[in-house]
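1. Here is my input; please provide its structure:
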Amino acid sequence: MPEKALNLLDPLNSLKGIGPSRNDTLIQAGISTIQDLINYYPRKYLDRTNIIPIGSVKNNSQVNIVGKIEAAGLVKGRKRQFFKAILSDKSGMITLTWFNGARYINKLIKTGDRLAVSGKVEFYNKLQIVHPEYDQLNTKEDPLNSGIIMSLYPIPGVLRKNRIDSLFFRKIIRKIYGELREIPDFFQEDFRKKYNIISLDKALREIHFPHSNTSLDKAIKRLKFNEHFFFQLQISSRRKLAKKLPTAPLKKTGIQTKMIYNNINFELTNAQKRVLKEIKDDLSKPYAMDRLLQGDVGSGKTILAILAASIAVSNNSQVAIMAPTEILSNQHYKAFKKLADLGKMSCAQLIGGMPNKDRKKIISGLESGKIDIVVGTHALIQKDVIFNSLGLVIVDEQHRFGVNQRISLAQKGVNPHSLTMTATPIPRTLAITYHGDMDLSIIDELPKDRIPITTKTVNKDRLEKIYSFMIDEMNSGRQCIIVYPLVEESEKSDLTAAIEMYKNLSKNIFKKMKVGLLHGRLEKDEKDEIMKDFSNNKINLLISTTVIEVGIDVPNATVMLVEHAERFGLTQLHQLRGRVGRGNKKSYCILVQRKKTENSKKRLQIMESTNDGFVISDEDLKLRGPGEYFGIKQSGFFNFKIANIVTDGNLINQVRNAVFGEFNFNLTTLQSRNKIVYNELMYLYGDKIEKSLSMR
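-> Numbering: from 1, shown residues only. Model prediction:
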């Protein structure tokens, strides 16, 4: 090793082999220092265990192959040119085809090049791989002959244009490691031994040049541990802050709670009793409760929310319940009002579009304290809504609200207690990351009298028989629902489809039935009238968009038919299915699949196999990933480079034990004692650490 070792913060142009052009290109890709470079992790690896001979490839299989380009060039098609190359090894040949970016690929791939190729084998007159992933190889690094495990890196367009490829990264990082002293660690040796993780220096070397699959697994575990650790540190800081927020303890269980509890016509399940105790214990403490209550559709979250509200009112505090839609707000108001009357509590509803006279009356009642409980939508967070003594905030389906909206409601009191509810079961790994700063209550038991819903996937050619079955159900006095998808990118066409099918079905198939149409663009009064008629069985069949995903509680509805079911996520399908089966009659969910793909087939099979929302949520997370789980992008939240909340459940629990248990992370002491370690730590995880410190 040379006398003067490289510094992690040295710029890339201090390295031989990186001229001005490449330096500028790497900076555009977010790589400007040696530290950036060694933290640019490979996307996958090649070794002899995952490479198959070209002669052994089979149709419809995903393959990793290595070979030499025997011929390559542009080919004239009927409409445009495409690029074709022939890749060979000793066992055979296969065609590689690019229809998009053909001229660009023509500049990059030449006859004689040696490539590592990944992709799906398909048959079009002959076996070929269309738009494969590929990496340029050096013959000296051939994984088939040398036995090495070869790193392949993410190569975005900005790098590829300047011929920066995996070969470049392997060469330059190997050079760096030849001149770099040991990378300092921010975890002591005894800590590493306890949690069975290797040193940071070893992990960062092995991630690029693994000696074996075992050593690679250890490197990946250590780097994942780092990311989860500092993320959980941020969550830990939030929890510590929450425990320091003084608030009025709600210890008294008054006559209001007793009157409601004694007058409900069913017995709480053991799970409900357990969760109610958790809520009561939290409310009695001198700092604000921050609890997430999750339970499957129909598990009985609402009654627990009402009982929690009655405890707050018993202690002379007001309660605000915020729901994401008017339909769900109406449902909650109906449930809360009925039981609030039993408990001699005043209950009102505040939503957008109310007559000004009614709105002013409610706002006045909240400010004076005459109204104990208010149920509403976003209307609750308007500036002129002032509470006399807001002590408990209940937010339903909170993922549909922005963070600022939830904070705005809480700020209308003095550190009020907070209960968040969701009928979307959240996988445990997601709950302890996305909601890790909250205490978690789970109702994992359904009422004993619940009849399981039968779910069946069908093709469109079965619709005639299904419509006949629905008519039989309605003739027996029961009700049915047909749902059409409504998604952002094709909102207009989907809405048109729902309206057109309403016209068609009401005039033809269901002409003897009373058919209603519900969608998001109807005026509030129209929606309310339709829902009232459906609740009172004046409408036999409701045709709707996904506006009914949450908020409809009609025990007489027994059939849910979902059109284009392949376009929905599993969790959304489960929510829709929960609109039926709420009574004592056998119910059915029929999923009409119009377009078949492997992914949609797998999703719909899961729906057929289980009614357990927690099983479904786990599968949904695996299929869609965390960014799409709630139907919105969470890219800023899950900005992990190597960690994976879908698969890292055991590691996340291990990390949480370290962070929430015995670990005392003192950044100030570290900065004074070891500047090198401090700088490395702040470089890697500074954004998370700074957020954590600001929340202490």
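2. Could you identify the helix or strand that succeeds the host helix or strand of residue 88?
-> Using DSSP states H and E, residue 88 sits within strand 81-89. On the C-terminal side of strand 81-89, the closest following helix or strand by DSSP H and E is strand 92-98.
3. Next, residue 134: secondary structure please.
-> Under DSSP: H, G, I helix; E, B strand; the rest coil, residue 134 falls in the strand class.
4. Tell me who's in contact with it.
-> Going by Cβ atoms under 8 Å, 6 or more residues apart in numbering, residue 134 touches 96, 109, 115-118. Where C-beta positions appear, they are placed from N, C-alpha and C, glycine not excepted.
5. can you redo these as TSV with secondary structure, neighbour count and pLDDT?
-> Listed next are these as TSV, based on DSSP: H, G, I helix; E, B strand; the rest coil; neighbours: other Cβ atoms under 10 Å; pLDDT from 0 to 100:
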residue	secondary structure	neighbour count	pLDDT
96	strand	24	95
109	coil	18	91
115	strand	18	90
116	strand	23	88
117	strand	20	91
118	strand	18	88
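6. Now for those residues: which two are most distant?
-> Within those, 109 and 118 form the most distant pair, 14.8 Å apart (Cβ to Cβ).
7. partners of residue 544 in the sheet?
-> Following DSSP bridges, residue 544 is listed with bridge partners residue 483, residue 518.
8. Tally up the residues packed near it, please.
-> 24 (other Cβ atoms under 10 Å).
9. How much space separates the closest residue to residue 163 other than its chain neighbours from residue 115?
-> With Cβ to Cβ, 6 or more residues apart in numbering as the criterion, residue 163 has its nearest non-adjacent residue at 7.6 Å, and that residue is residue 108. For residue 108, the distance to residue 115 equals 10 Å [Cβ to Cβ, to the nearest Å].
10. swap in residue 440?
-> 49 Å.
11. How about residue 411?
-> On the measure of Cβ to Cβ, residue 411 and residue 115 end up 59 Å apart.
12. Ok, residue 293 next?
-> Counting by Cβ to Cβ, the gap between residue 293 and residue 115 amounts to 54 Å.
13. mind listing the helices for the stretch 451-600 of the chain?
-> Here the stretch 451-600 of the chain has its helices, by DSSP state H, counting those that start in this stretch, at 463-475, 491-507, 524-535, 570-577, 598-609.
14. and residue 73, which of those helices is closest to it?
-> That would be helix 598-609 among these, by Cβ to Cβ, at 33.2 Å.
15. what about the closest one, average pLDDT?
-> Mean pLDDT, computed over helix 598-609, is 87.
16. How far off centre is it?
-> 19 Å (Cα atoms, centre = their mean, to the nearest Å).
17. which parts of that helix are buried?
-> 600, 603-604, 606-607 (16 or more other Cβ atoms under 10 Å).
18. okay if I get these as a markdown table plus distance to residue 234?
-> Putting the buried residues of helix 598-609 into a markdown table (distance: Cβ to Cβ, whole Å) gives the following:
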| residue | distance to residue 234 |
| --- | --- |
| 600 | 37 |
| 603 | 33 |
| 604 | 38 |
| 606 | 33 |
| 607 | 35 |
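19. what's the closest of those residues to residue 297?
-> residue 607 (13.2 Å).
20. distance of the closest one from residue 422?
-> From residue 607 to residue 422 the distance is 19 Å (Cβ to Cβ).
21. Residue 384 contacts residue 363, correct?
-> Yes. Under the criterion of Cβ atoms under 8 Å, residue 384 makes contact with residue 363 at 6.2 Å.
22. neighbour count winner among these two?
-> A side-by-side neighbour count of residue 384 and residue 363, using other Cβ under 10 Å, places residue 363 first with 20 against 8.
23. pLDDT at the more buried one, what is it?
-> So, for residue 363, pLDDT stands at 95.
24. I'd say it and residue 383 touch.
-> No. Residue 363 is not in contact with residue 383 according to Cβ under 8 Å; the separation is 10.8 Å.
25. Give me the number of neighbouring residues for the nearest residue to residue 154 once chain neighbours are set aside.
-> Leaving aside its sequence neighbours, residue 154 sits nearest to residue 43 (Cβ to Cβ, 6+ apart; 4.8 Å). Neighbour count of residue 43, defined by other Cβ under 10 Å: 12.
26. need the contact list for residue 43.
-> Contacts of residue 43 by Cβ under 8 Å, 6+ apart are 152-154.
27. Would you mind measuring from it to residue 153?
-> 6 Å.
28. before we move on, what about residue 598?
-> The value you get for residue 598 to residue 153, if Cβ to Cβ is used, is 29 Å.
29. Quick check, pLDDT for residue 341.
-> Residue-level pLDDT assigned to residue 341 equals 89.
30. next SSE after the host helix or strand of it?
-> Here residue 341, judged by DSSP H and E, is contained in helix 326-342. Where DSSP H and E defines the elements, the next helix or strand beyond helix 326-342 is strand 347-350.
31. For that following strand, buried residues please.
-> Buried-residue list, strand 347-350, by 16+ other Cβ under 10 Å: 347-350.
32. Pick the one among the residues you listed closest to residue 504.
-> residue 349 (36.2 Å).
33. what residues are up against the closest residue to the closest one other than its chain neighbours?
-> Sequence neighbours aside, residue 333 is the residue nearest to residue 349 in space, at 4.3 Å (criterion: Cβ to Cβ, 6+ apart). Contacts for residue 333 (Cβ under 8 Å, 6+ apart) come out as 347, 349, 375.
34. Quick check: beta-bridge partners of the second one?
-> Residue 349 has the following beta-bridge partners by DSSP bridges: residue 375.
35. what's the pLDDT at it?
-> 95.
36. swap in the last one?
-> In the predicted model, residue 375 carries a pLDDT score of 95.
37. neighbours around it, how many?
-> 29.
38. Quick check: the residue nearest to residue 163 touching residue 160?
-> Yes. Residue 108 is in contact with residue 160 according to Cβ under 8 Å; the separation is 7.0 Å.
39. ok, back up a step: could you check the angle helix 524-535 makes with the helix holding residue 341?
-> Put simply, helix 326-342 runs at 70 degrees to helix 524-535, going by axes from the mean of the first three to the mean of the last three Cα atoms, to 10 degrees.
40. now the helices for the stretch 201-350 of the chain?
-> 213-242, 255-263, 270-283, 301-314, 326-342.
41. what distance separates the third one from the middle of the whole chain?
-> From the chain centre to the centre of helix 270-283 is a distance of 27 Å (Cα atoms, centre = their mean).
42. right, and the helix or strand after the lowest-mean-pLDDT helix or strand in the chain?
-> Lowest by mean pLDDT, DSSP states H and E among the helices and strands of the chain is helix 626-629, with a mean of 50. Once the chain leaves helix 626-629, the next helix or strand it forms, by DSSP H and E, is helix 649-657.
43. Pretty sure residue 74 sits in a strand.
-> Yes. Applying three-state DSSP, one finds residue 74 inside a strand.
44. Now do the closest residue to residue 660 other than its chain neighbours: how many residues are near it, please.
-> In space, residue 660 comes closest to residue 236 once its chain neighbours are excluded; the distance is 5.7 Å by Cβ to Cβ, 6+ apart. Residue 236 has 21 neighbours, counted by other Cβ under 10 Å.
45. correct me, but residue 236 touches residue 658?
-> No. Counting by Cβ under 8 Å, residue 236 does not reach residue 658; the two are 10.1 Å apart.
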